[in-house]
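Enquirer: Pasting a predicted model and its sequence here:
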Amino acid sequence: ALLERLVNLSPDQVAPGHATRTLLHHLGCIVIRRAEDHLAVLAPRSAAGSLWHLLSETASRQVPVATV
């Protein structure tokens, strides 16, 4: 669900065992679906901070954070 908010990929492109190149925001990335419940996103090391920020911000908007 998180990836669906960032990029428009067909289910065939991210089926388990497949990989595809795409853009996440403005970053060129490779998305690998290793298994039904395991997704990997590869990007240049120089863009790691930007990619982490993008993923964490998107995730924080999707899943409410529980307060203690």
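Expert: Cool, got the structure. Numbers count the residues shown, from 1 in each chain.
Enquirer: quick check: mean pLDDT across the top strand by length along the chain?
Expert: Counting residues, the longest strand found in the chain (DSSP state E) is strand 27-35. The pLDDT scores in strand 27-35 average 88.
Enquirer: In terms of secondary structure, what does the helix or strand just after that strand contact?
Expert: The helix or strand immediately downstream of strand 27-35 is strand 38-42, counting by DSSP states H and E. Under the contact definition 3 or more C-beta pairs under 8 Å, 6 or more residues apart in numbering; DSSP states H and E, strand 38-42 sits against strand 27-35. In this view, the C-beta of every residue, glycine as well, is placed from N, C-alpha and C.
Enquirer: contact partners of the strand it packs on?
Expert: 3, 7, 9, 13-23, 39-44, 47, 50-51, 54 (C-beta atoms under 8 Å, 6 or more residues apart in numbering).
Enquirer: quick one: low-confidence parts of this protein?
Expert: Residues of the chain meeting the criterion pLDDT under 70: 1-5, 11-12, 63-68.
Enquirer: List every C-alpha atom in the longest helix belonging to it, with coordinates, as CSV.
Expert: Longest helix in the chain by number of residues (criterion: DSSP state H): helix 48-62. Provided in CSV are the C-alpha atoms of helix 48-62 (Å, rounded to 0.1, in the frame of the first residue of the first chain):
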residue,chain,number,x,y,z
ALA,A,48,19.7,7.3,0.6
GLY,A,49,18.8,10.2,2.8
SER,A,50,16.2,11.6,0.3
LEU,A,51,14.7,8.1,-0.2
TRP,A,52,14.5,7.4,3.5
HIS,A,53,12.8,10.8,4.0
LEU,A,54,10.3,10.1,1.3
LEU,A,55,9.4,6.6,2.5
SER,A,56,9.2,7.5,6.2
GLU,A,57,7.1,10.6,5.5
THR,A,58,4.7,8.6,3.3
ALA,A,59,4.5,5.8,5.9
SER,A,60,3.8,8.2,8.7
ARG,A,61,0.8,9.6,6.8
GLN,A,62,-0.5,6.1,6.1
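Enquirer: Cheers, nothing more for now.
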